[in-house]
Structure formats: C-alpha cells, structure tokens
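Chemist: One predicted model, sequence on top.
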Amino acid sequence: MNKYIAYFNDSSCQSLRLYSSIDSLESYQNFSNIQQLNFLEENEMLIVLIPSVLVTSYEDHKNEDVSDDIHLANFSSSIDNTIVNQISDNNFIFHEGVGYIVENSIVEDFNKSLTLLNTNILLTPEYSFFAEANRDIIVEFDNKYFFSYAGGSGTSITNQSLQEYSQLIKNNNHNYKPTIYSNSDSLKKIFPDNKCKEFSLDMFLDRDINLLPNFYKFFFSYNSLKSKFNFTSMQFGSLIFSLILILLMPLLIINDNNKNADAYKNATFDIFTSINSDIKNVVRPRSQIDSIMSSAPLREKGDDIKLPSLEFLDLIDTANLEKILISFNQSTATITIKDMPSLQFKAIKALAKKMNIVILNEETISLDNSVSGLIEVSIDNE
C-alpha cells in the first residue's frame, strides 16, 4: 500500500506538501488545498498531520471501572482551567493514556474535505506520527522540530526557537535524554551525550499506523455520499426515493391499520343495530348487552305460547346459527353455532338467563373473537 503524508505549511491548513516514499525514494509535491488530492486511489493511505498548534494533549489515566461518559466528564473538569474556549466546543480523543483535544470546527472542516477523497485516511497530530512508544523523541522534518514525549503528548518548534526550547526542557528535566533524528548543531550542543540518527521517512511510514490516534470520521452530505459511492444522478435519485419510502412506510401501515380498525368498529356497530335499532354506538359491550336485555319484549308468566323459551332467538341475527334440534320428550333444545362473534354469544347467554332459560350444557370453543360449538338449553313446553 502506497502511503502519503499531507503536511500543512501553516495553521490555516490550506496549502500543503504531499510527501511519499515509494521504492525508498522520498519526494513531495505542493498543493493549494486538500481537494487537489483526489487522484489518490482506494488502496492507498493518506496520513494528514494536524498542526501541533491546533492540538492540546494531556496525560490521561482512565479508571476502567467508570463509563466513557463519566471519564470524559472527569477529564474535562480536570483541564477546565487550562482551556480558553468552552469544553463543548472541542473534540476529544483518548488514546494510549493521552487525551487529545481539537476544536470541533477544525475537525469538522477537515472531515468535510477529506470525506470527498476516495482513499484511506488517518487524521492525527503531527507529533503523534513521529512518536515512539514510551520514548522521548526529537525529529527534524520539513524545517521544523517535533518533540514527542514518552507520555504521549508533544509539540513542534521552529528553528528560531529550537535552542531556547530545548534548553528549557533540559533544565526542567535533568533526566531528559531523547532519541534525536536530526543533524542540528543546536541539538548536538544541548544534548552532547545523545547520539543523533539520520531521519528516514520510510522508518515511520512502515509502522502500524492504526495504532495512532485518529480524528477522521466520515462526514455525511449529498456530495460525500455521491463521491464516496460513485453514484450516478439516477442511482442517487433512486436511493433518496428508497429512503423516503422507508420513512413513509410505517405511516402508511399505521393509516391502513386505522382504516381496518374503523371498518371493524362499523361492522360491530351494524351487528348491534341489527339486534336493537336504538343502539347509537359501541363503546361498552356490557352496557350494550344490558340495553338488548332491557328492550327485549318479555311475555307475562301464564300466557299460552308455543316454545316461549326460544323466542329470544328471534331478536338475534341468526346467520351464525347452523341448526336447532328440539327434543319434546326431554324438553330441551340443542343449538349449534358457528363463527358467532363473542359479543353476540354473550348477548344470547344474557338474554337466556333473563328469560329463565337454563343452559344445561355448553360445548363451545372461542378462537379469534368468535365462538363455535353447541349449547343445550331447557324449554318449557307446558
């Protein structure tokens, strides 16, 4: 995999140099902005170095017993007095015992531009790229000096400030013995006991860069999706239509269910109105049954009628009554029902009780709010 390093000339992050080391030959090209790197391919890697002046880093030792949110809150509280802007205006990354902080607006601008490129991307602080685990490092690269400390933090210094800064570090830490990748006379003078090594870009590019902190995240937008997936206008239009359809489908299903519920309610109302035309609505089934019972024209005892015990069936829609068998010898009637609505069946039983009809036997099953089977009732045929 070919690897490239995007190194910005200043903190504005506009013009840059693109370094590469292919076949051990180090070279670079100048570009005026990131968008000009669109020639990079999917199987290549672009390492974008965030200028050190835009990054703040602190040593961080996470308590594994607390959640990430609590850890962020604790870390933010501990550095609140050292950050000029609001905590919420920053992007945080915790990596290998170090907390890295970059302003949200800077990270967003980087990600907007980098997402349009069709290549692998790593967005990391300058000094992190030139760091070595648990070692103090000084690297000279592109007329700047990168100080990467064993704890994971770091900074960059220009040649004009190198001697003053190096001497300050040495005075504050007498045990500071960095590995130096530079032939600078100033560094040799300040650190005479340290051996200076030749800098090789290959040496840093050959490392596992996945171990470095990465601020890059895919930025979702119309242009980024179209660019990343190489959609044609027709394909992208189809994708948008599909997404809209997916979002609308639940609403269509809910609307259809509401229509079915209304149809069921109206059908239930029709059943009750066929039983009693005075019924106005179907709200409380028990009250509707009571209404049916109270409106049933009962005869006075002693009237000479034929089979008065079955008269209540005339008040009910008998579409679900398959047959009625009457045994005059036994003074019983066996009524066979099929797929009768449960509510209607309850109404039959309630009316039978009110008319002093005794249900001798009930062999029914209830399934999906309908009743099938047979009931045997006593009849008074005197």
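Modeler: Cool, got the structure.
Chemist: Surely residue 66 is in a strand?
Modeler: No - using DSSP: H, G, I helix; E, B strand; the rest coil, the secondary structure at residue 66 is coil, not a strand.
Chemist: give me phi/psi at it?
Modeler: With angles defined as degrees, to the nearest 10, residue 66 sits at phi -110, psi 160.
Chemist: Ok, residue 36 next?
Modeler: phi -70, psi 0.
Chemist: what separates the longest helix along the chain from the chain centre, distance-wise?
Modeler: Criterion DSSP state H: the longest helix present in the chain is helix 233-275. Centroid separation between helix 233-275 and its chain, computed with C-alpha atoms, centre = their mean, to the nearest Å, is 26 Å.
Chemist: Do a quick rundown of the helices in the chain.
Modeler: For the chain, the helices defined by DSSP H cover 68-79, 104-115, 126-129, 162-172, 185-190, 201-205, 222-229, 233-275, 285-295, 342-354.
Chemist: For the fifth one, which helices and strands make contact with it?
Modeler: On a contact count with 3 or more C-beta pairs under 8 Å, 6 or more residues apart in numbering; DSSP states H and E, helix 185-190 meets helix 162-172. Yep, even glycine has a C-beta here, placed from its N, CA and C like the rest.
Chemist: Give me the residues contacting the helix it packs on.
Modeler: 138, 145, 147, 157, 176, 184, 186, 187, 189, 190, 191 (C-beta atoms under 8 Å, 6 or more residues apart in numbering).
Chemist: Next one: residue 329 relative to residue 336, how far apart?
Modeler: 20 Å (C-beta to C-beta, to the nearest Å).
Chemist: before we move on, the earlier item: what subset of the contacts of helix 162-172 is buried?
Modeler: 138, 145, 147, 157, 176, 184, 187, 190, 191 (16 or more other C-beta atoms under 10 Å).
Chemist: thinking the third one is in contact with residue 126, fair?
Modeler: No - with contact taken as C-beta atoms under 8 Å, residue 147 and residue 126 are classed as non-touching, separated by 10.4 Å.
Chemist: Just the closest of the contacts of helix 162-172 to residue 245, please.
Modeler: For these, the residue nearest residue 245 by C-beta to C-beta is residue 147; the value is 55.8 Å.
Chemist: before we move on, back to that, what's the overlap in contacts for residue 147 and residue 126?
Modeler: Joint contacts of residue 147 and residue 126 (C-beta under 8 Å, 6+ apart) are 154, 156.
Chemist: so the nearest residue to residue 75 once chain neighbours are set aside bridges to which residues?
Modeler: Residue nearest to residue 75 in three dimensions, not counting chain neighbours: residue 99, with 5.5 Å by C-beta to C-beta, 6 or more residues apart in numbering. Beta bridges link residue 99 to residue 58, residue 94, judged by DSSP bridges.
Chemist: quick one: residue 99 from residue 76, how far?
Modeler: 9 Å.
Chemist: residues in contact with residue 22?
Modeler: Contacts of residue 22 by C-beta under 8 Å, 6+ apart are residue 2.
Chemist: now swap in residue 130 and tell me
Modeler: 137, 139, 141, 146, 148, 154, 181, 204.
Chemist: and if we set it to 7 Å?
Modeler: Shown in contact with residue 130 (C-beta atoms under 7 Å, 6 or more residues apart in numbering): 137, 139, 141, 146, 148, 204.
Chemist: cool, residue 139 as well?
Modeler: 130, 146, 181, 182, 199.
Chemist: How many neighbouring residues does the second one have?
Modeler: For residue 146, the neighbour count with other C-beta atoms under 10 Å is 25.
Chemist: heads up, I number from 35, so please use that
Modeler: Yes, from this point I'll number from 35; that puts the last item at residue 180.
Chemist: For residue 139, which non-adjacent residue is spatially closest?
Modeler: residue 123 (7.6 Å).
Chemist: and the gap between the one you found and residue 302?
Modeler: 60 Å.
Chemist: And for residue 409?
Modeler: Using C-beta to C-beta, we find residue 409 at a distance of 22 Å from residue 302.
Chemist: what does residue 89 give?
Modeler: For residue 89, the distance to residue 302 - C-beta to C-beta - is 69 Å.
Chemist: neighbour-wise, which of these two wins?
Modeler: residue 89 (25 against 17).
Chemist: Redo the contacts of residue 164 as a markdown table? Include distance to residue 137.
Modeler: Formatted as a markdown table, the contacts of residue 164 follow (distance: C-beta to C-beta, whole Å):
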| residue | distance to residue 137 |
| --- | --- |
| 171 | 26 |
| 173 | 25 |
| 175 | 24 |
| 180 | 21 |
| 182 | 22 |
| 238 | 26 |
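Chemist: Could you break the chain into its assigned domains?
Modeler: 37-264, 265-317, 330-412 (automatic domain parsing).
Chemist: With mean pLDDT added, can I get those in a markdown table?
Modeler: Formatted as a markdown table, the domains of the chain follow (pLDDT from 0 to 100):
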| stretch | mean pLDDT |
| --- | --- |
| domain 37-264 | 88 |
| domain 265-317 | 73 |
| domain 330-412 | 74 |
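Chemist: Alright, I will stop here.
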